[in-house]
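Peer 1: this one's structure only:
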């Protein structure tokens, strides 16, 4: 989709025309959703999903999640809404109808009728008024959400503070480790330099040792030669 061209088309139309299009698309989308749920219900009821070899021994809900990425709970709620109130599901959306059924139970039909009455000339009832209506007709068996007590809020705040302190300690520990790593790298560089010096000294020492052995052998050869010439035992000092 070319978004730039789409925006150019929108710029040439009035706001009222754009709003009418949006309403049409919303209703069309709700209608398609109802058809989607009814089609899935047909596949489930007639076990048509088993026509796929892979799902011959699987449940419908495995097939539903794998093929359409729809959760079992979502399908069941919307299925009930569509089967009980198909027209209302198209007008207001299967999601809203499902919510009314869950919360208002036996009063669901009354609530949906009031929502219809509150929607005039294609203009839907505001979300705030719908929520107030649902709250008014909520079944007594449904647990109402209660505001968190002050003590609970204090505990949550305390937990947040402790987590923050833990993060500070962790950050400090991390910084200490970074400094230690830098120090170790510096020491490693020093040791590398010392190692190079020792290696050079060892090479020199080996060279001098070779020269010493060479002249030592020459000394003994010269002494033996002189002894032979003088025909007497000549004692010369041993090299050190």
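Peer 2: Perfect, thanks for sending it. Since the structure is predicted, the reported quantities are computational estimates derived from the model, not experimental observations. Numbering: from 1, shown residues only.
Peer 1: Next, name the residue at the spatial heart of this structure.
Peer 2: Centrality entry for the chain: nearest residue to the mean C-alpha point is residue 69, 18.8 Å, by CA atoms, centre = their mean.
Peer 1: Tell me how far residue 34 lies from residue 91.
Peer 2: 10 Å (CB to CB, to the nearest Å). Heads up, the C-betas are built off the backbone N, CA and C, glycines and all.
Peer 1: of those two, who's got more company?
Peer 2: The residue with more neighbours, out of residue 34 and residue 91, is residue 34; 22 against 18, by other CB atoms under 10 Å.
Peer 1: any idea whether the more buried one is helix, strand or coil?
Peer 2: helix (DSSP: H, G, I helix; E, B strand; the rest coil).
Peer 1: Also the one 5 residues further on?
Peer 2: Classification of residue 39 by three-state DSSP places it in helix.
Peer 1: What's the separation between it and residue 47?
Peer 2: From residue 39 to residue 47 the distance is 14 Å (CB to CB).
Peer 1: now do residue 193
Peer 2: 79 Å.
Peer 1: Now for residue 142: which residues touch it?
Peer 2: The contact partners of residue 142, taken as CB atoms under 8 Å, 6 or more residues apart in numbering, are 102, 103, 105.
Peer 1: Am I right that it is in a strand?
Peer 2: No. Residue 142: not assigned to a strand; according to three-state DSSP it is coil.
Peer 1: Can you check the pLDDT for it?
Peer 2: Looking at residue 142, its pLDDT reads 85.
Peer 1: And it, how far from residue 104?
Peer 2: Taking CB to CB, one finds residue 142 at 8 Å from residue 104.
Peer 1: got it, and residue 64?
Peer 2: For residue 64 relative to residue 104 (CB to CB), the value is 27 Å.
Peer 1: Tell me the helices and strands packed up against whichever strand or helix holds residue 75.
Peer 2: Assessed by DSSP states H and E, residue 75 sits inside helix 72-84. The elements that helix 72-84 packs onto, with contact taken as 3 or more CB pairs under 8 Å, 6 or more residues apart in numbering; DSSP states H and E, are helix 15-45, helix 60-68, helix 86-92, helix 94-104.
Peer 1: Domain ranges for this structure, per the record?
Peer 2: Listed by automatic domain parsing, the domain ranges of the chain are 13-136, 146-240.
Peer 1: Looks like residue 43 contacts residue 60 (just checking).
Peer 2: Yes. Residue 43 is within contact range of residue 60, at 7.3 Å (criterion: CB atoms under 8 Å).
Peer 1: Spell out which residues are contacts of both of these two.
Peer 2: With CB under 8 Å, 6+ apart as the test, residue 43 and residue 60 both reach residue 49.
Peer 1: How far does stretch 111-121 sit from its chain's centre?
Peer 2: Relative to the centre of its chain, stretch 111-121 is centred 42 Å away, using CA atoms, centre = their mean, to the nearest Å.
Peer 1: average pLDDT for that stretch?
Peer 2: 86.
Peer 1: Residues contacting that stretch, please?
Peer 2: For stretch 111-121, the surrounding residues in contact (CB under 8 Å, 6+ apart) are 85, 88, 91-92, 97, 100, 104, 125, 129-130, 133-134, 137.
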